[in-house]
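1. sequence and predicted structure, then a few things I'm wondering about:
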Amino acid sequence: MIPIVMTIVGDPVGSGLVASLSSPGGNVTGSTSLAFDLTAKQLQLLKELMPSITNVVFVWNPNESFHARAIPHVESAARALGMKVVMIEARNMNELDAVFRRLGSTRPGAVLMLPSTSLDAQQDQTAALATRERLPALYNKSLFCKSGGLICYGARYLDFFRRAAVFVDRIFKGERPENLPVQQPTVYDLVVNLQTAKALGITVPDSILYRADEIIR
């Protein structure tokens, strides 16, 4: 079988790509973003950013297999923080536009966005929709903050591509994918857009600013 090196896969075990992270067991190996495992930390950041927040909208895409598996993680983390989570589906930009328009009139505490192939390629439009409806939103990728998103926390994506090159090199030198453990993120980026925070009337606490890897002013 042809060796396959994956990168930025949210849930390779749940998706059936590998048997386990430590022992892939087939012709696929590489890196996982484990995006849904970050939701507890992301909800904590939203609570730290807005201490009075009591509810969060979790926007998920049924076309992304790991999104459904993330729901229990989000619900569990929210309960631990005394927050309520509302699940809303959005498969594409048209559906996201409709969702954000509806949320703009109901004024939820905040919005949590997981990585989505169909939406991440349009981060400018996605961030603009949240800004238009004055919705505080947290994203996984720093690019969203650079496009006007409020706060971003997730694995550093450049590291994934560097690791992919290492996997390819090891396989070319004779190692088998089934014996190469899937690697998990070790470096995470916290980015805050102070311009957006000011527009939303949010004062970002120093506790977040001190930890931020990048602050957009």
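-> Noted; the coordinates are in hand.

2. now do the contacts for the nearest residue to residue 117 once chain neighbours are set aside.
-> Of all residues not flanking residue 117 in the chain, residue 64 sits nearest, at 6.8 Å (CB to CB, 6 or more residues apart in numbering). Bear in mind the C-beta positions are built from the backbone N, C-alpha and C, glycine included. Residue 64 makes contact with 10, 114-117, according to CB atoms under 8 Å, 6 or more residues apart in numbering.

3. middle-most residue in this structure, spatially?
-> residue 140 (3.0 Å; CA atoms, centre = their mean).

4. which residues of the protein fall in strands?
-> Using DSSP state E, the strands found in the chain span residues 4-9, 28-32, 55-60, 84-89, 110-113, 137-139, 151-155, 188-193, 214-216.

5. same list (the ones you listed) but as TSV, adding mean neighbour count.
-> Output for the strands of the chain, formatted as TSV (neighbours: other CB atoms under 10 Å):
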stretch	mean neighbour count
strand 4-9	19
strand 28-32	24
strand 55-60	21
strand 84-89	15
strand 110-113	24
strand 137-139	26
strand 151-155	25
strand 188-193	21
strand 214-216	15
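
6. of all the ones you listed, which one is nearest residue 127?
-> When the strands of the chain are compared by CB to CB, strand 137-139 sits nearest residue 127, at 7.7 Å.

7. so what touches that closest one?
-> Here strand 137-139 has contacts from 42, 45-46, 110-113, 123, 126-127, 130, 144-145, 149-154, using CB under 8 Å, 6+ apart.

8. and that strand, which strands flank it?
-> Taking DSSP bridges as the criterion, strand 137-139 forms sheet pairs with strand 110-113 (parallel), strand 151-155 (parallel).

9. contacts only, for the residue nearest to residue 18 when sequence neighbours are not counted.
-> Leaving out its chain neighbours, the residue that sits closest to residue 18 by CB to CB, 6+ apart is residue 24, at 4.0 Å. Residue 24 makes contact with 18, 177-178, 180-182, according to CB under 8 Å, 6+ apart.

10. can you map out the helices along this protein?
-> Here the chain has its helices, by DSSP state H, at 39-49, 65-80, 93-106, 117-120, 123-132, 142-146, 157-172, 194-199, 206-209.
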